[in-house]
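**Student:** Requesting a structural model of the entry that follows:
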Amino acid sequence: MNRTLLAHIAAFTAAVSAGTAVVATRFVIGETDPLSLVFYRYVVSVACLVPFLWTIWARERLGFADYAKIAGFGVLFFVLFPWAFNASLQYVPAARGAIGLATIPIQTMIVAFIFGREHFTPAKVIGVCMAFAGIVLAFGTAAFEPGHSGYLLGDGLMLLGVFCAAIYSVFSRATLMRYGPLFVTALAMAFAVLALLPIVVIRHGAELPVFSARGWLAVLFLGTVAGAVQFSLFMWALRWLPPTTTVLYLTLNPVAAMVLGILLLGERLTPEMLAGFGLVLAGILVGVGVVRMPIKKRAPKEAGPTRRKPDVRSWRPRLPFPAPTKR
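**Tutor:** Numbering: from 1, shown residues only. Model prediction:
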């Protein structure tokens, strides 16, 4: 099979599994706290990746600064981002949280612009404006309705987590390409687990967590399919596809989360949320250049009669008398 086609399939599968992670988190978040769930999820992910670590280990020797940088990336992307993600889903439905998650490409674009990694074009400005208009429309006035007092906090936490992911996407690319995306991902996960270990031990002791059968299934799914497999497939796709194309698949996250949230959690999808998601998706498509905005072109000037320029090399002056001949 064509490697490019396989990369598209890998990106699609990773994006859909990331969307299902939203619903799986909603299943188990009531049985533990957000940080502990992050820890248990990535313990499972690291355990899945350890047997393959010798095959993906970086050939280039890493210095202390490199390990420190990867550890920082691990805390940012595998601690702060999932913590905010998990905490958000304590307050908002999966479909609502997924709309905030879909802004990863747009926030990545903004962060890249702020730090001088990317220049804004008119299409990108229009895309950003459309995406954030979609967020305002999707979130709407539901946060101010009775019984939804936690919506503002949940929305803010989700957008904060996505901002952490955007910073990681912009600044980790050089390290990912230098040492290999799978190796950096596995090592960053390991550093995240080590950073969370003392916190979890202080909170819960050294005993195994107590989950229901459904909770254990959700944790195992988050660590395997929505953890090790998802990140491995996405990083592999990023190697063979342009970054813009790969990131575009992330827009499938909220689609999967919305569908599963309705089918498994009994959530309700409002017209405002659907229209807002449509605006977010359209903004991403415009921002990354998949959909081009109509640009009015100037009419070409009518070409008048042109005079043929003489060939300088073949031009000779006309003399009033015959040219002298050589003898």
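**Student:** lowest average confidence, helix or strand, in this structure?
**Tutor:** helix 243-248 (a mean of 67; mean pLDDT, DSSP states H and E).
**Student:** Which element is encountered next along the chain beyond that helix?
**Tutor:** Scanning forward in sequence from helix 243-248 by DSSP states H and E, the next helix or strand is helix 252-265.
**Student:** Pull out the buried residues from that next one.
**Tutor:** 252-262 (16 or more other CB atoms under 10 Å). To be clear about C-beta, it is placed using only N, CA and C from the backbone, and glycine gets the same treatment.
**Student:** With stretch 204-218 instead?
**Tutor:** Result for stretch 204-218 [16+ other CB under 10 Å]: buried residues 211, 215, 218.
**Student:** where does the protein have low pLDDT?
**Tutor:** Where the chain drops to pLDDT under 70, the residues are 1, 139-147, 242-245, 247-248, 251, 287-288, 290-327.
**Student:** how does it look with 50?
**Tutor:** 312, 314-315, 317, 319-321, 327 (pLDDT under 50).
**Student:** List the contacts of the most centrally placed residue in it.
**Tutor:** Geometric centre of the chain, nearest residue: Ile104, 4.7 Å, by CA atoms, centre = their mean. With contact taken as CB atoms under 8 Å, 6 or more residues apart in numbering, Ile104 is in contact with 162, 165-166, 169, 247, 250.
**Student:** run the last query once more with 10 Å
**Tutor:** The contact partners of Ile104, by CB atoms under 10 Å, 6 or more residues apart in numbering, come to 18, 81, 161-163, 165-166, 169, 247, 250-251, 253, 284.
**Student:** possible to save these as CSV with distance to Gly278?
**Tutor:** Listed next are the contacts of Ile104 as CSV, based on distance: CB to CB, whole Å:
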residue, distance to Gly278
Ala18, 20
Phe81, 25
Gly161, 23
Val162, 19
Phe163, 23
Ala165, 23
Ala166, 22
Ser169, 24
Val247, 19
Leu250, 16
Thr251, 11
Asn253, 15
Ile284, 11
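**Student:** Helices along the stretch 201-327 of the chain, start to end?
**Tutor:** Listed in chain order, the helices of the stretch 201-327 of the chain (DSSP state H, counting those that start in this stretch) span 213-223, 230-240, 243-248, 252-265, 271-287.
**Student:** do the stretch 1-150 of the chain as well
**Tutor:** Taking DSSP H, counting those that start in this stretch, the helices of the stretch 1-150 of the chain run over residues 3-28, 34-49, 53-56, 64-75, 81-88, 94-101, 104-114, 122-139.
**Student:** about what we covered before: name the nearest of the buried residues of helix 252-265 relative to Ala11.
**Tutor:** Leu252 (9.1 Å; CB to CB).
**Student:** Hmm, Gly19 and that closest one touching each other?
**Tutor:** Yes - between Leu252 and Gly19 there is a contact under CB atoms under 10 Å: 6.2 Å.
**Student:** Find the residues that touch each one of the two.
**Tutor:** Ala102.
**Student:** Ranking the helices of the stretch 1-150 of the chain by mean neighbour count, which comes first?
**Tutor:** helix 94-101 (a mean of 27; mean count of other CB atoms under 10 Å).
**Student:** Relative to Leu187, which of the helices of the stretch 201-327 of the chain is closest?
**Tutor:** Closest of the helices of the stretch 201-327 of the chain to Leu187 is helix 230-240, at 12.2 Å (criterion: CB to CB).
**Student:** Packing partners of that closest one?
**Tutor:** The contact analysis (3 or more CB pairs under 10 Å, 6 or more residues apart in numbering; DSSP states H and E) places helix 230-240 against helix 3-28, helix 34-49, helix 173-179, helix 181-204, helix 243-248.
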